[in-house]
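Novice: Give the three-dimensional model of this entry:
(one chain, ligands or ions: 1)
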Amino acid sequence: MLILKDEYDVIHNFVLLDAHTHLRVNKLEGLVPSEFVRRYSKVVKDVVRDIKKSPKEYRYHFPWKLKNISTDYYQFCQRDIYTVFHPGEELSKAPEKYSCFDFIISFSANLTSPLPRDYRNANSRVRETLIEKSPDDNSPHNNFRFIGFGRLDPNHSDSLDTFDNVCQLGLRGLKLHPKEEQFEINDAKTKYILKRAANNNMPIIFHTQDGMASNIEEVVNETISDFIDADKTDLIPRLKVILGHAPWNGVGNKKLYRALSHPNIFGELSTLKPDSYEDFFSSAKKDVKYERIFDVKQLSELDKKTVERLYFNAFGYNKLNYWSSKLMFGSDTPYPPSHGATPLIKHMLSKRFVGNASDIQNILAVSALRLIPPIARANPQITREKATTSGQYHPMQLEIQKKDSKILGMDPILEVFPKVRISGAVFSFLKNGDVGSYLYKSLFSPKKPLNTVIPNPINLPYSSMTTSRVNMTRNIEMSLGEE
Ligand SMILES: [Zn+2]
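Specialist: Numbers count the residues shown, from 1 in each chain. Reported below is the predicted structural model:
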């Protein structure tokens, strides 16, 4: 979280997410979760110090005191998660506690074994590493701050089995590395994986460089064609492909921006160099256009309304911020591109950045959060009448719920209008074998209660065909009525 004020003294809570990091497992290169929190606490505090030092450079200012205390790991990951949708005014009383990255997408580094590679062991180690033990009774809970992805080698004979395993482990996406694992991007094997991922609503981040973006565009289009031929148009928006190191495909390469205009393709920003910041963002703003969705030949088989419905229901884009909805911050920690993390955040908050606050929030977290499949499930047994609400936020609420249940995770509720932000979250717990989902919302609006906790919001749709949490949010709002 990075809390700042603009020139009109409006507080902005910028939620921060890193979409490309490597978790240390099996002696492979990477950081353990507590090292990530320590490092990102420093990154965000460095940015704040620079904003305080050179206020003329920035569009935002930081008028509060920042104590030299680093973020407490357990407190931050397991108790303070509600800060991602809490009013900045209150957080500004102790900004040092929350000044850190809020979410970290992490997966294992490359295996060093001969090709083809079997990532199943590394993936389950990723899963284990992201489970925290409660200090009270040692019971296991998922870490709210980390979003684990799995890896696989499409050339391995068990690659589809590995993919199913990634889903079963509760990992939320997939990383593929065509160069390291030496597989063809536009190839039947890769297409199988893409289709499997769409079936499971899982995003895939590819390592890309040197124009691989165009090969990805081809394979994505062929997969869309196959979905249309098989009369599975509902699967189209569930195909979510991220170009890892997108700028490595060439900041001046027109084809990169065309690929990023594709409604199924997104770009992660590691390897973007300071001398290209202005070029890259102004080209993206100019050339990553909503209207270009209709240039995709395969989609032209469908009518325009269907295409809009598919993507807008799924992602809740607004036209103005379309370009930034396609970009996401990434660092490739612990590898060298991660040195660029601090300067890139500084640039985005400076007067030189071409976007507005919603663009900043898209790139710094929401673009990636939109793609993560939700965890929450409906519990039809519990009705609206049994819902409880409390007028005050109770920071220990999560701890209380942890006492007799296990945390599965949180699904942030994302808003795109009037500005891009996280407006609440659904927390899911496992109790006696059942998943219970609790909605926490309304923290921003002064007219509404500071906090609303509603156990098992009714009719929270969870089906294999639910394309996004935008639908989920709408249903929650409907079930809440005039809250
Ligand atoms: Zn990497």
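Novice: now the helices: where do they sit in the stretch 151-300 of the chain?
Specialist: 159-168, 188-199, 212-229, 254-261, 277-287 (DSSP state H, counting those that start in this stretch).
Novice: Show residues contacting the last one.
Specialist: Right, helix 277-287. 247, 251-252, 254, 257-258, 260-261, 272, 323-324, 326-327, 344, 347, 352-355 (C-beta atoms under 8 Å, 6 or more residues apart in numbering). Backbone N, C-alpha and C define where each C-beta goes, glycine included.
Novice: same question for it, mean pLDDT?
Specialist: For helix 277-287, the mean per-residue pLDDT is 97.
Novice: mind listing what's buried in that helix?
Specialist: For helix 277-287, the neighbour count (16 or more other C-beta atoms under 10 Å) marks Tyr277, Phe280, Phe281, Ser283, Ala284, Lys285 as buried.
Novice: Check stretch 142-160 too.
Specialist: 142-156, 159.
Novice: Convert the lengthiest helix in the chain to CSV, retaining C-alpha atoms only.
Specialist: Using DSSP state H, we find that the single longest helix of the chain is helix 33-53. C-alpha atoms of helix 33-53 as CSV (Å, rounded to 0.1, in the frame of the first residue of the first chain):
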residue,chain,number,x,y,z
PRO,A,33,7.9,-14.8,1.7
SER,A,34,9.3,-12.9,4.7
GLU,A,35,12.2,-11.7,2.5
PHE,A,36,9.7,-10.4,0.0
VAL,A,37,7.9,-8.4,2.6
ARG,A,38,11.2,-7.0,4.0
ARG,A,39,12.4,-6.0,0.5
TYR,A,40,9.1,-4.5,-0.6
SER,A,41,8.8,-2.6,2.6
LYS,A,42,12.1,-1.0,1.7
VAL,A,43,11.1,-0.3,-1.9
VAL,A,44,7.9,1.5,-0.9
LYS,A,45,9.6,3.5,1.8
ASP,A,46,12.4,4.5,-0.6
VAL,A,47,9.7,5.8,-3.0
VAL,A,48,8.0,7.8,-0.1
ARG,A,49,11.4,9.3,0.9
ASP,A,50,12.0,10.5,-2.6
ILE,A,51,8.5,12.0,-2.9
LYS,A,52,9.2,13.9,0.3
LYS,A,53,12.7,15.0,-0.9
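Novice: what packs against it?
Specialist: The elements that helix 33-53 packs onto, with contact taken as 3 or more C-beta pairs under 8 Å, 6 or more residues apart in numbering; DSSP states H and E, are strand 2-6, strand 60-61, helix 73-74, strand 103-107, helix 341-349.
Novice: what about 7 Å?
Specialist: helix 341-349 (3 or more C-beta pairs under 7 Å, 6 or more residues apart in numbering; DSSP states H and E).
Novice: got a list of contacts for the helix it packs on?
Specialist: 43, 46-47, 50-51, 58-60, 269, 272, 274, 277, 331, 353, 360, 363 (C-beta atoms under 7 Å, 6 or more residues apart in numbering).
Novice: Give me the next element, helix or strand, following that helix.
Specialist: helix 357-361 (DSSP states H and E).
Novice: among the buried residues of stretch 142-160, which two are most distant?
Specialist: Phe144 and Asn155 (34.9 Å; C-beta to C-beta).
Novice: Looking at the contacts of helix 341-349, which is nearest Asn110?
Specialist: Ser331 (17.0 Å).
Novice: element containing that closest one?
Specialist: Going by DSSP H and E, Ser331 is not in any helix or strand.
Novice: Number of residues surrounding it?
Specialist: 27 (other C-beta atoms under 10 Å).
Novice: Lys195 - nearest residue in space that isn't next to it in sequence?
Specialist: Thr223 (6.2 Å; C-beta to C-beta, 6 or more residues apart in numbering).
Novice: Please enumerate the helices of the stretch 351-483 of the chain.
Specialist: Counting by DSSP H, counting those that start in this stretch, the helices of the stretch 351-483 of the chain are 357-361, 367-369, 397-403, 469-480.
Novice: Pull the residues that contact the first one.
Specialist: Which is helix 357-361. His12, Phe14, Val15, Asn321, Ser324, Met348, Leu349, Lys419, Val420, Arg421.
Novice: from what I can see the fifth one touches Phe353, true?
Specialist: To tie it back to what came earlier, the one meant is Ser324. No: checked against C-beta atoms under 7 Å, the pair Ser324 and Phe353 is beyond contact range at 10.4 Å.
Novice: So which of these two has more stuff around it?
Specialist: Neighbours around Ser324 and Phe353, counted as other C-beta under 10 Å, are more numerous at Ser324. The numbers are 26 against 19.
Novice: and that one, how far is that from Thr208?
Specialist: 19 Å (C-beta to C-beta, to the nearest Å).
Novice: sorry, back to before: list only buried entries from the contacts of helix 341-349.
Specialist: 43, 47, 50-51, 58-60, 269, 272, 277, 331, 353, 360, 363.
Novice: Break the chain down into its domains, please.
Specialist: 2-369, 384-480 (automatic domain parsing).
Novice: most neighbours per residue, which of the ones you listed?
Specialist: domain 2-369 (a mean of 19; mean count of other C-beta atoms under 10 Å).
Novice: Between the two ends of that domain, how far is it?
Specialist: 17 Å (C-alpha to C-alpha, to the nearest Å).
Novice: now that domain: how far from the chain's centre is it?
Specialist: 5 Å (C-alpha atoms, centre = their mean, to the nearest Å).
Novice: circling back: so which of the domains of the chain comes closest to Ile375?
Specialist: Once these are compared by C-beta to C-beta, domain 384-480 is nearest, at 4.7 Å.
Novice: tell me the average confidence for that closest one?
Specialist: 62.
Novice: just stretch 228-248 next, same as before
Specialist: Here the average pLDDT along stretch 228-248 is 94.
Novice: that older thread, can you tell me which of the buried ones among the contacts of helix 341-349 is closest to Lys191?
Specialist: Leu269 (26.6 Å).
Novice: Please determine how far that closest one is located from Glu90.
Specialist: Taking C-beta to C-beta, one finds Leu269 at 31 Å from Glu90.
Novice: any idea which element the residue nearest to Arg38 when sequence neighbours are not counted lies in?
Specialist: Distances taken as C-beta to C-beta, 6+ apart place Ser70 nearest to Arg38, at 6.1 Å, with adjacent residues excluded. Under the criterion DSSP H and E, no helix or strand holds Ser70.
Novice: thought Ser70 was touching Tyr40?
Specialist: No: using C-beta under 7 Å as the test, Ser70 is too far from Tyr40 to be in contact (10.2 Å).
Novice: okay, the angle between the one helix or strand Asn121 maps to and strand 103-107?
Specialist: Following DSSP H and E, one finds Asn121 within helix 120-129. On the basis of axes from the mean of the first three to the mean of the last three C-alpha atoms, to 10 degrees, helix 120-129 is oriented at 150 degrees to strand 103-107.
Novice: Which neighbouring elements make contact with helix 120-129?
Specialist: Counting contacts by 3+ C-beta pairs under 7 Å, 6+ apart, helix 120-129 is packed against strand 150-151, helix 159-168.
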